[in-house]
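Engineer: Below is the structure, and that's it, no one-letter string:
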Ligand code: ADP
C-alpha cells in the first residue's frame, strides 16, 4: 500500500500529496478510520479524493492509503434480493456490525463468501470455452437462475468441472489457457464500476418492454434495451408508476437505484419493496430485484457512485442473457452530487453551476443501456433498459439535468400535476410525452398483438389531439356551439381518457392490462366512434347517440379478467344492436 498525507479537507473532498504512485480512480482508504474514497483528479503528486463517508474529524497530516484498484463491484451468486449502499455494502450487514447508523470505515463483503450454492455445470471437460461463455448455473432464488460465466479476458479448455456445493471463492472449474497455464474459475467476478462491461455487438432494440400500463404500452412504449425518463413533480404519482414498473415490467431482473433527497423517500422504498409480490409467481419481488439505496446519512458523493454501482450490476445480469431493467430515482440527485464535487474542485462551472461535463456524464450513463449480443460464443442476447427519474426544482423542464437527459433518452413520460390534481392516474400527459421507439417495435407489435395495432393507436391519439384543439373553442363558446361531429370527437376523447387511459394501480384487475386486452378495449372505443359518426352524419341527435347503454359496458371493460379479454370484442354486437334501434326510432 502506498501512502500519502492529507493537505486539505473540504467536506467530502480531500486533497492529499505524496500520491504520485497512485492512479486516477483508484480507491483509497483515508486516515486511521479507514474511510473509503476514490481519486477523481491527479495533479503531479497531489490527488483530489472524493470520500464516500462523513469526513468530520479528518485533518491535515492524516494518512491516505491507495489500494491500487479502481472502485469495483463484486458479482456472483448472492447479489439478488440484496439492499446495498452506493458502494455495494450490504445495508443489513453494516447495521449488524455497527448499529442502525452507518459508522465509518466499515468493511463488509458485498456478497456472502461463506454461503454454499449448488452449482450445475453446463459444459464438459475438454470443451473449449471463451470469455462470457456460460459454464453452468446456480438456482439463486426460486425465480432466478444465476448463470456462471467465464470472466472477460479469459479463454481456455476445460480441464475439470463438476456439480456440487461451492461458495463463491471456491474453484468450480479449471481451464487450460493457450499458453498452457491453468486458470481456476470461481463464481466471483470483480468489475470496475465506471467502465461498461464488454459485449459483442449492440443491436437495434426491436421488442417493447411491456409494462401492463395502458398509457405506456399503447402510446409511449419503451423498447427492451431502450432508455426512458420520467420527471416527478411532487404528488404526481411517480412512486406509484415506479412500483408498477417494478411489479409488471416485462424484465427478468430489476435493479433499483434510489438516491432520495429526503431520508424518508428511500425509507418508503426500503419498506415497500420487500412487501411487493411478483404477480406472476406470487413470490416476493425482491427475488428478482437488487436495491441500491443511498441512505440520508451518507454524504452526497456516495450518490455519485451509486448509479455506476447499479448499472454495472445490471450489465452483469444482461451478460447472462437476461432482460434487465434499471430504475434510477432520481438522477437529479446524482447530478447535484456532481455539481457539489465540481464546485469543491473549483472547476469552471457550466449552466446553473453544474459542471460542463454534465451532459457527457449523463449521455455516457444512458449509453450503457441497450440490447446486446453477449460476449460468449453462445451468441445470447441480453438487454438493459434504463429508466431515469428526474426531479427538477419546481418541476421546471428547462433545468439543465432534464435537458441533458432529454437529449439522450428516447422516451419521455411526462407526469403532469394538473392530471394528478384531477385524479387522472397514471398522470402521464399524452400531449407532451413521446417515444422514439414506435418504428423499431412496430413489426413486433404487428406480429404479437395485432396487425391493426399501430393504426388504431394513431387514430386514438389524433382524437385526443383534436380534443385539445376543440377545448379552446368550448372554453370560448360552450359545448353546444360545436358541430355534432365535433361533439362526438369530444365524447370519444373522454371515453379514451376515462375508459382506457385511466388505470387504477390499486384495483386487482385494472392494475395490469395485457396488450391483447388493450387492443380489444381500444378497438371497441373506436368502433363505437366510427359507427356513431355515421349516425351523426345522418342527423340523428348526438345526445341520443352518446347516451346509449352500451357506454356502461365500455366503461367497465377494464374490469374484465385477462382470461376473458376476448369477450370484449362482443361489445361490437351491442353497439350494432343499439344503434340499429336508434336508427329505427328516428326513421319511424
Ligand atoms: P409522488 O411519488 O409523485 O409524490 P405518489 O406516487 O405517492 O406521488 O402518488 C400520490 C397518490 O396518487 C397516491 O397515493 C395514490 O393515491 C394516487 N395515485 C398515483 N398513481 C395512481 C394510480 N396509477 N392509480 C391510482 N392511484 C394513483
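Structural biologist: Thanks, I have the structure now. Keep in mind the model is a prediction, meaning the values are calculated, not measured.
Engineer: Residue 277 contacts residue 288, doesn't it?
Structural biologist: No: the pair residue 277 / residue 288 is not scored as a contact, 11.5 Å apart, by C-beta atoms under 8 Å. Glycine gets a C-beta too; all of them are placed from N, C-alpha and C.
Engineer: These two - which one has more neighbours?
Structural biologist: Higher neighbour count among residue 277 and residue 288: residue 288, with 25 against 13, using other C-beta atoms under 10 Å.
Engineer: what kind of secondary structure is the nearest residue to residue 578 once chain neighbours are set aside in?
Structural biologist: Spatial nearest neighbour of residue 578, excluding adjacent residues (C-beta to C-beta, 6 or more residues apart in numbering): residue 548 at 4.7 Å. Recorded secondary structure, residue 548: coil (DSSP: H, G, I helix; E, B strand; the rest coil).
Engineer: residues making contact with stretch 186-193?
Structural biologist: Identification of contacts with stretch 186-193 by C-beta atoms under 8 Å, 6 or more residues apart in numbering yields 25, 69-77, 111, 117, 119, 138, 148-149, 151, 166, 168-172, 197, 305, 308-309, 311-312, 316.
Engineer: Show me the subset of those that also lies near the ligand.
Structural biologist: Among those, no residue lies close to the ligand (C-beta under 6 Å from any ligand atom).
Engineer: are any of these buried, and which?
Structural biologist: 25, 70-77, 111, 117, 119, 138, 148-149, 151, 166, 168, 170, 172, 197, 305, 308-309, 311-312, 316 (16 or more other C-beta atoms under 10 Å).
Engineer: Now that the residue nearest to residue 578 has come up, it's in contact with residue 580, right?
Structural biologist: No: judged on C-beta under 8 Å, residue 548 makes no contact with residue 580 at a distance of 11.2 Å.
Engineer: higher neighbour count, these two?
Structural biologist: residue 548 (20 against 11).
Engineer: how far away is the more buried one from residue 542?
Structural biologist: 12 Å (C-beta to C-beta, to the nearest Å).
Engineer: any weak-confidence spans in the protein?
Structural biologist: Filtered on pLDDT under 70, the chain yields the residue ranges 1-2, 98-103, 260-268, 295-297.
Engineer: So which residue is dead centre in it?
Structural biologist: With distances taken as C-alpha atoms, centre = their mean, residue 327 lies nearest the centre of the chain, 2.8 Å away.
Engineer: I'd like the next helix or strand past the strand or helix carrying that one.
Structural biologist: According to DSSP states H and E, residue 327 maps onto strand 323-329. Downstream of strand 323-329, the next assigned helix or strand under DSSP H and E is helix 331-344.
Engineer: those strands in the stretch 401-550 of the chain, which residues are they?
Structural biologist: For the stretch 401-550 of the chain, strands defined by DSSP state E, counting those that start in this stretch occupy the ranges 411-412, 434-435.
Engineer: just the ones you listed: most buried one?
Structural biologist: Stretch with highest mean neighbour count among the strands of the stretch 401-550 of the chain: strand 411-412 (a mean of 22; mean count of other C-beta atoms under 10 Å).
Engineer: how far does that one sit from the chain's center?
Structural biologist: Put simply, strand 411-412 sits 12 Å off its chain's centre (C-alpha atoms, centre = their mean, to the nearest Å).
Engineer: Also stretch 363-373?
Structural biologist: 12 Å.
Engineer: tell me which residues of it are tucked away?
Structural biologist: Those would be 365-366, 368-373, for stretch 363-373 by 16+ other C-beta under 10 Å.
Engineer: Then stretch 162-182?
Structural biologist: 166-168, 170, 172-176.
Engineer: Report how many residues lie close to whatever residue of the stretch 301-450 of the chain ends up closest to the ligand.
Structural biologist: Going by C-beta to the nearest ligand atom, the ligand is nearest to residue 425 of the stretch 301-450 of the chain, at 3.3 Å. The tally of other residues near residue 425 (other C-beta under 10 Å) stands at 20.
Engineer: any idea how far residue 230 is from the closest residue to it other than its chain neighbours?
Structural biologist: Closest residue to residue 425 apart from its sequence neighbours, by C-beta to C-beta, 6+ apart: residue 237 at 5.3 Å. In this view, residue 237 and residue 230 are 10 Å apart by C-beta to C-beta.
Engineer: for residue 451, same thing?
Structural biologist: 31 Å.
Engineer: the more surrounded of the two?
Structural biologist: Between residue 451 and residue 230, counted using other C-beta under 10 Å, the more crowded position is residue 230 (26 against 9).
Engineer: Output the contacting helices and strands for the strand or helix carrying the more buried one.
Structural biologist: Here residue 230 sits within strand 227-231, counting by DSSP H and E. In terms of contacts (3 or more C-beta pairs under 8 Å, 6 or more residues apart in numbering; DSSP states H and E), strand 227-231 is packed against strand 381-390, helix 400-408, strand 411-412.
Engineer: Point out the residues in the chain that sit beside the ligand.
Structural biologist: For the chain, the contact set with the ligand under C-beta under 6 Å from any ligand atom comprises 232, 234-240, 425-426, 503-506.
Engineer: Separate out the buried members of those.
Structural biologist: 232, 236-239, 425-426, 503, 505.
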